[in-house]
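>>> sequence first, then the predicted structure, then my questions.
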Amino acid sequence: MDDNQITIIEGPPPEFDKVEDGWALGLNESPILYDIAVTHLRTFNGPALVERCHRTWRKGDVMYLSYRNPLGLEESAPIMAVRSLETDDGHILLLWVRLENTESEETPDPPDLDD
């Protein structure tokens with residue numbers, strides 16, 4: 001097992017929700033435009049995964065989320081922040097990841113305005 005990745009081994013592909021919070025947008029300091037998204041994953045030991053992320057970051061390495069997309073192809077995304085929550089149903093891992101910008105570079109048409 002690679003220490004610099006968290007791998008989803010079963011279940012559906014993760015759902016990513018685009019983040020527009022001020023603090024999370026600060027994670028995107030890069031010359032390339034990326035989207036920051038958050039996903040919620042169930043896990044057996046959230047605190048251990050958080051600690052693994054922290055160890056990797058302290059070494060100056062990048063931590064990745066490895067998963068299969070809806071077509072079954074392997075993908076990975078750099079993890080920018082992590083948090084573990086304990087619920088009645090077990091541990092939930094919140095991962096803020098950096099995804100390639102999905103917006104097109106075309107300028108959208110302006111909305112129609114009534115006179």
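Arrived safely, thanks for sending. Numbers count the residues shown, from 1 in each chain.
>>> surely Thr56 is within a strand?
No - residue state for Thr56 (DSSP: H, G, I helix; E, B strand; the rest coil) corresponds to helix; a strand is not indicated.
>>> what is the neighbour count of it?
18 (other Cβ atoms under 10 Å). In short, each C-beta sits where N, CA and C put it, glycine included.
>>> need the contact list for it.
Neighbouring residues of Thr56 by Cβ atoms under 8 Å, 6 or more residues apart in numbering: 3-4, 62-63.
>>> identify the farthest-apart pair in these.
Farthest-apart pair in the contacts of Thr56 is Asp3 and Val62; separation 11.6 Å (Cβ to Cβ).
>>> re earlier: can I get the contacts of Thr56 in a markdown table including pLDDT?
Formatted as a markdown table, the contacts of Thr56 follow (pLDDT from 0 to 100):
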| residue | pLDDT |
| --- | --- |
| Asp3 | 83 |
| Asn4 | 92 |
| Val62 | 94 |
| Met63 | 96 |
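>>> just the buried residues of these.
4, 63 (16 or more other Cβ atoms under 10 Å).
>>> need the contacts of Thr56 in CSV with secondary structure and distance to Glu20, can you?
Shown next, in CSV, are the contacts of Thr56 (DSSP: H, G, I helix; E, B strand; the rest coil; distance: Cβ to Cβ, whole Å):
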residue, secondary structure, distance to Glu20
Asp3, coil, 31
Asn4, coil, 28
Val62, coil, 23
Met63, coil, 23
